[in-house]
Structures are given as C-alpha cells and as structure tokens.
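1. this is the structure alone, sequence omitted:
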C-alpha cells in the first residue's frame, strides 16, 4: 500500500514554493525533497513545520534539485530534528544545495540575530520563526549525503531492502533529478517535479520526453504511480528567442544611456544560464561595461561547475577546454591559464572574463561609483535581505535605472510584490502567462521597507561586550592552563603513580596480615607497612614492580597455607557447625605488572609523538618553511577582524522612479508541454503537487479528455493523506538449486519472470522456508484440488488441470508494424486498433494473393486477435507478436 502526504508545497497552499512530501511504501517512509521558504518576507506567511514531527521516523531522503525550494531545510532538519536517514542525490545537486543554503544562512545571519538553540518541545513556539542552520551544520549535513550518477540503479539495504532507486535527468537545474522508485509490492513510482524538456545553453532537456528519440523514455513510461507538479499548467511561455532578444535590447539601451541595471538572482544553479547568456552577448557586442556579481559563494559555485563538465550540456558542452574566441591555442594561452587561478579548471565558456565578484555593496561602491553604468547581479532573487535589498533601496529612486526580474518570487516577498505591480500594469494580452513579452513600466509612488543591518557597538555597549569577552577569555585560559598543568604532572609522575598503584595492592594484603598477626601476638608487634613501603622505594626495581621482601613477610606470617592458632577463630559469614573450624587461605601473592617493553625500555607515547613532530620539522627544507611562514602572514592579513556589532531594524520610505521589467528565465515546462508529456507517460495513477487549484483543475480536465488516460488523479491539499492500493504482506522464500535448474526465465523490463510450482519445506538449519520441486510422493490433493466425475471408468486417472503459459506485456501495433517492415512483410493500420499484414496491405496487389493476408486486432486491454488463413505470413506474424511479449512457460 502507498500512502502520500504533502508536508509542504501542496495543491492550493498559500505558499507552494517549498516542496516536501512524505511517501510511505508499505513500512518504508521516504521523504521527497526538503525545501524551505523565504525567512524574511514582507508579509509573513505561516510555514507548517510538519516535517519536525516525522523527521526521526524517515527511512530514506531523496533530493531532486539543488535550490532552496527543494533542499533548503535539509541541513537544519538533519542537525536539529533528527533527520538521520540515508539521503541520496546527484553530485551537482549536493554541491549546489550546499552553496545555496550557505548563501541564504550567511546573508540572514549577517542582518538578524538567529538563536543557535531550539526548544526541545515540538509543540512549543520557537524562539524565532526561522529554522536557520549554522555553517558547520550545513557542511556536516551535506557531507553525509550519498551521491549517484544518472541511470545508476541503487539497491537499498536495511529496512529499505528490496527497493531500488534510479536517478534520471530532469533538466531545469544542473544535476536535476527524476527519481524512479521500484518496490516489489508497490510497483514503479516516478517522482518528477520542475522539469524542462527544452534544451538550454548549459543544460540538455529532460530525458523523460525527447521527440527526436521517439517520445517518452521507455524506462519511465507507464509507471504505477506518477507524482508531478502542475504549477504552470495555465501558463503559456513565450519563445526563447523573444525572451533573449528582449533582455539584450533592454540591457543595451540602459547601459548606452549611462544608467545601470539590477538583476536579482540566486547563487544557485539557475545563475549559470544567465551568466552564459550575458557572457556570449558581451563577447559578441564587444561591450566594456562591467558585470558585477554580489555573492559570497558565487566564485565557489563557478569553480565547482568547471570541475563537473560532464554534467553540463547544451552549447557549453561543445566548447573546447582552453580554446579562446578565435579558436587558437598556444603556449602563451596555456601559460596564462596556468598562472590564473580562476582559469585553471573547466571550459573557456565558463570562465566569464567580463564578470567581477564582490562580497557586499560597500566593496562595489569603492570600485565603481553610482553614476557609472554597470550590470549588477545581486542575491537573493526574492529581495528579502542581503545585497539585492540594499541595492534596491538605492536603485529605485534613480530615474531610468532598470530593475530586471527573472522569476516571479515567492508569495509575500518584495520580488513578488514588484512582479504583481508589473503584471497588473500590462495590457490583457501582454501578461506573463499569455506567451508575450511585456514592456517595462515606469514605477511611481512610494514604498515602505524594513531594513535590517548590523552596526558596530559603541560606548557602554562596547565596554560591556569587551568585559564579557575578556572574562570569557580569562576563564578559557585558566581552564587550558589547568589542563596543561595536569598533563605535565601526569607525564612527570607516571613512574611514581605506577609504583603507588602497585603498593596499594600490597598494602591491602599487609593490612589483612597485620590484623591476623595482632590476634596471635596480643598487640606486641608493630605495624610495618610504612617501613615496608620505605624499604621498597629504596630498592632498584627498574624492570619489575615492587617485589615482596621474603624476610619481612616471614616475620608477619609463615608461608604455610594451613593457618593454625587463633586465626581460625575469625568470624565467617557462613554458618559453621563446630566450635573449632579449620580455615584455609590463598597464598598472599601480588601480581607483578610490566612497566617496560620486551627490551627493557619504558614506553612513553607522548615522547614519541613530540619526537615525530620534531623529525617532520627538521625534514622540511628552508623553502618550505619560508612558504609556510608567508602563507600564515597572508592568511592573517586577509582574515577580517569583524568588530563587535549588533542587529538593528529601521523603517524607510523609498520614492519609486526607476523602470521595472519581468522576463521569464525560470527554465520550466509551460502548460502546453505539461499537457503533452503527461498523457504520453500514461501512468496508472497520478498525484498532482505544487500547484494552485486552478492549475490542478486545468490539468485534470485536460487529461480527462483523453480516453486512454487514467481517471485516478489525485490533488491532495496541505496535510491531507492519500492511500493508494491495499495493504500487502510480503514473505521471503528461498528457491532450491534443484528447482532453479529447471526454471525457464523470460525477461520483462528490468526483471526475469518464470513459472514455478513446488512445495514449501522448513529446514532446521535455515530460518527462511525453501521451495523445492514437488515429487511423486506428495499427494495430489496437497496442492491441486481435483473433482472426480460422477461416472468414472474403473482404473482411470483423475483429471488434473494443466498450467497454462502466460504472456506479459502490452502489444503496440506501431511497434509490430516496425518489426514486420524490418523483415520484409508490409503492414498498414486501418481504422482504430487493426493492423493488416501481408499482401492485403498493398493496394496494388492482385486479389489472387489475398490468402496471405493477416489482420491483427486489439479488442481490449490484454486481448489480441489474429485473423487470417494458414500461411507463412500467419506464423511469422504470430512469432513476432510472441516476441513483443514476455512468455512465461508453464
């Protein structure tokens, strides 16, 4: 049985941006994506942390894309909510999700105080409505993710044993994945969200639908359950040629008029497509205006992409490594590549020589004044915090400056507010979802924004902070000094501590012996334990621990094991019957402990560790030492000592005077593509997610008009659970070698199918039942029920039903026509569901050879009729029909 529940991104949700779904296959709970919303919207939208309650019970995590909407909450859930289940994704998604998450949390923590601890009570209100991880938690979470390659089937173990997962290309983002989940009880499940079948500059289209390759990819066709999104089912996207032309014209006109442009973007996988477009245009038009990227991790993202060129497609994959624009390679070019760190990896098309990196707006202003024309790419795309929001406050008040939006933004964010204002200003046919490119609009009026920033501490606040920091450092120094002092004492007194530990054991024996001696001597003897320890410490015991002094021991007690005298009167725990009970003791022997190795040397591990470091330092040359010293000095210079600061918020009013334009560069399928691809996938059941109610209703109505399309289409709301199928119980059974040798297997898709009959036997040596061939000794009524006829001839055998062969598969007349054409038999489709084969398929054939005509007719699902005269064509057509099925012999 399959149970599906939308944790986030349900149909009709207020904010469908983050995606997180719980898929339960029998007893295995699978988390599909783990996205996070924007944590600083203008209009707060409640985010249901339903994942917090079920995170510890998750058995498997699958991530499909490397942006915040699909993987932004994974690091926090891994560190705080106990989401320790094995996670799988592709290599680019792992890296892109790490970079996007780091960019988001660093930008948020730079402007707001986020507590590092959380309330242990899941029902209690958190101290902050933001679930933001730390940098170390992000690295720890994504280091634990397992990476796969496309079309690499993985057979899971443990509780997920029997389930096979396979990633396929989804387009839209670098490494974007369509997950195929195959279960022995639930069949095939395909999870495909945010796909793009169109080829882009740096990516190929999804493998699910390729018209040049025959349509739907065969391994993903006809799944038992198909989970997909319908967010853009009502959208008609304009042509890529028109979008690129509109963007290039706007950029050129704005820069030529000595004005600047602001493009909000994310430091994720979609930034790469925008950079390739701009770099190609700058190179073609020979522009000299700077392209500025304000991002903390943009350089790291590009460095990683250059090292993963096998995942890059489109036109970028055809660029040669180290080839310049003229197609020349030479020693000067190679030498320049070796000297430049940024050009050490990847293809020339991904080096972006016109791109400059800046960490913050202050660094940008120091190099380029606000009056110089430039193109600025700033994160994040939502304009909710970070450099993009800070630059918007300056850009919006300057006339003729252009703010260019490339996506709609999330509900409640500043980017979505600006998009709605632009979309409402367009004419009816020029809105973004009608397939047209709108025009830029002149913004007017004012807007109130809350600006968060971090300012240095001053006055009493700074003194209080320094005092607390000084006290903390003194406390840490004292603790460190105590640890070092204790370590030195332990190393210095190691031998003495060993001797004292051995002496303690002897003291116990002496104490017991002294008590017995006092009983026999009536107090005349003197305790000699102190004298014994002093005598032992004066002896030279380098090899062995303290040896017992024979003379001293004899004065205390004889070595006789049988003890006489008053010692026998010692009280005992056990009840004795006689008045004088003889008492026996063990010989008072102290185990000698070795303190040295086999060669008589004392082992000091700390000394060897210290000596090893000295040897390493002595082995280093002067050049290496000088290089390390310079590197340490450079690191100390580059390390920014941030002054103590605090977060403050302020309300500002901005007079809008700039221009605003929206161009869709999200790289997703539109409604026409979705309504074309989904019916060709032809799933048995389908679940729609991540869509508005109107979009989901439009896709359901479109699928309802197709007769062959399934009617089992579900669109669950937020928190709603859907159960598909029935509860099945699976059992493990082992096939004997004798039975395996007699099986005839037929291949069907990824499996081999065969017919088997036998009996189940339990052996004492195995906990798994074994299926063995049924012998003659087994009674017939043990596995086959027979009905004896009323009038049966004496001595005749009972009638037993024989097993029949089974054919698995669905016949496609087009595939049969292609196979017959390859062997020289003509075939023609007439009407619906009828294929005429042989001489009758040729219109110019005389009627004398009409006997060699065969008609293949599909009368229903799984029913095929073959009609014709007995001839060679008849048997050939029947053989080809059998070849298109998996024959399971009885």
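-> Thanks, I have the structure now. What you see is a predicted model; the values in this text were computed from it and never measured. Numbering: from 1, shown residues only.

2. next, count neighbours for residue 429.
-> Under the neighbour criterion other C-beta atoms under 10 Å, residue 429 is assigned a count of 9. Every C-beta, even on glycine, is put in place using the N, C-alpha and C of the backbone.

3. again with residue 885
-> Neighbour tally, residue 885, other C-beta under 10 Å: 16.

4. how much space separates it from residue 753?
-> 11 Å (C-beta to C-beta, to the nearest Å).

5. what about residue 202, distance to residue 173?
-> 10 Å.

6. oh sorry, the question was meant for residue 462
-> Counting by C-beta to C-beta - residue 462 and residue 173 are separated by 45 Å.

7. okay, the two: which has more neighbours?
-> Set residue 462 next to residue 173 and count neighbours by other C-beta under 10 Å: residue 173 wins out with 25 against 15.

8. give me the pLDDT value at the more buried one.
-> At residue 173, the pLDDT value in this model is 94.

9. and it, what element?
-> Take DSSP states H and E as the rule and residue 173 turns out to sit in neither a helix nor a strand.

10. not counting its neighbours along the chain, what's nearest it?
-> Nearest non-adjacent residue to residue 173, counting by C-beta to C-beta, 6 or more residues apart in numbering: residue 269, 3.8 Å away.

11. and for the one you found, the neighbour number?
-> 27.

12. identify the bridge partners of the closest residue to residue 181 other than its chain neighbours.
-> Distance criterion C-beta to C-beta, 6+ apart; nearest residue to residue 181, sequence neighbours excluded, is residue 189 at 4.2 Å. Beta-bridge partners recorded for residue 189 (DSSP bridges): residue 181, residue 225.

13. what about residue 189, neighbour count?
-> 27.

14. repeat that for residue 822.
-> 9.

15. and for residue 274?
-> A count of nearby residues for residue 274, using other C-beta under 10 Å, gives 17.

16. same question for residue 759.
-> As a burial measure, residue 759 scores 14 neighbours (other C-beta under 10 Å).

17. now the one 4 residues further on
-> Other residues within reach of residue 763 by the criterion other C-beta under 10 Å amount to 11.

18. that one touches residue 736, doesn't it?
-> No: judged on C-beta atoms under 8 Å, residue 763 makes no contact with residue 736 at a distance of 10.1 Å.

19. list residues touching both of these two?
-> Here residue 763 and residue 736 have residue 770 as joint contacts, going by C-beta atoms under 8 Å, 6 or more residues apart in numbering.

20. for the residue nearest to residue 173, give me the pLDDT.
-> At residue 269, the pLDDT value in this model is 85.

21. and what of residue 845?
-> So, for residue 845, pLDDT stands at 59.

22. do residue 117 as well
-> 62.

23. check residue 577 too.
-> Looking at residue 577, its pLDDT is 47.

24. ok, residue 693 next?
-> The predicted local confidence for residue 693 is 92.

25. can you check the one 3 residues further on too?
-> The pLDDT attached to residue 696 in the predicted structure is 94.

26. same deal with residue 890?
-> 61.

27. then residue 455?
-> Confidence for residue 455, expressed as pLDDT, is 84.

28. can you tell me the SS state at it?
-> Look at residue 455: counting by DSSP: H, G, I helix; E, B strand; the rest coil, its state is strand.

29. residue numbering should commence at 683 henceforth.
-> I'll keep to 683 as the first residue from here, and by that count the last item is residue 1137.

30. how many residues are close by it?
-> If we define neighbours as other C-beta under 10 Å, then residue 1137 has 10 of them.

31. please apply the same query to residue 1289.
-> Neighbours of residue 1289 using other C-beta under 10 Å come to 11.

32. and residue 730, by the same measure?
-> 16.

33. for it, grab phi and psi.
-> With angles defined as degrees, to the nearest 10, residue 730 sits at phi -80, psi 110.

34. for the longest helix along the chain, packing partners?
-> Taking DSSP state H as the criterion, the chain has its longest helix at helix 1141-1174. On a contact count with 3 or more C-beta pairs under 8 Å, 6 or more residues apart in numbering; DSSP states H and E, helix 1141-1174 meets no helix or strand.

35. compute the distance between residue 1388 and residue 904, please.
-> Taken as C-beta to C-beta, the span from residue 1388 to residue 904 is 14 Å.

36. OK, contacts around residue 1548?
-> 1536, 1537, 1538, 1556, 1559, 1560, 1563.

37. what are the buried residues along the one helix or strand the first one maps to?
-> The reference is to residue 1536. Counting by DSSP H and E, the element that carries residue 1536 is strand 1535-1542. Buried residues in strand 1535-1542, defined by neighbour count with 16 or more other C-beta atoms under 10 Å: 1535, 1536, 1537, 1538, 1539, 1540.

38. right, and the last one touches residue 1515 too?
-> Yes: shown here, residue 1540 and residue 1515 form a contact pair, counting by C-beta under 8 Å, at 4.3 Å.

39. show me the common contact partners of those two, please.
-> Contacts common to residue 1540 and residue 1515, judged by C-beta under 8 Å, 6+ apart, are residue 1495.

40. which residues in the stretch 933-1082 of the chain form strands?
-> 943-946, 973-976, 1037-1040, 1057-1060 (DSSP state E, counting those that start in this stretch).

41. can I get the ones you listed in JSON lines with mean neighbour count and mean pLDDT?
-> Formatted as JSON lines, those follow (neighbours: other C-beta atoms under 10 Å; pLDDT from 0 to 100):
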{"stretch": "strand 943-946", "mean neighbour count": "25", "mean pLDDT": "95"}
{"stretch": "strand 973-976", "mean neighbour count": "23", "mean pLDDT": "95"}
{"stretch": "strand 1037-1040", "mean neighbour count": "18", "mean pLDDT": "94"}
{"stretch": "strand 1057-1060", "mean neighbour count": "24", "mean pLDDT": "96"}
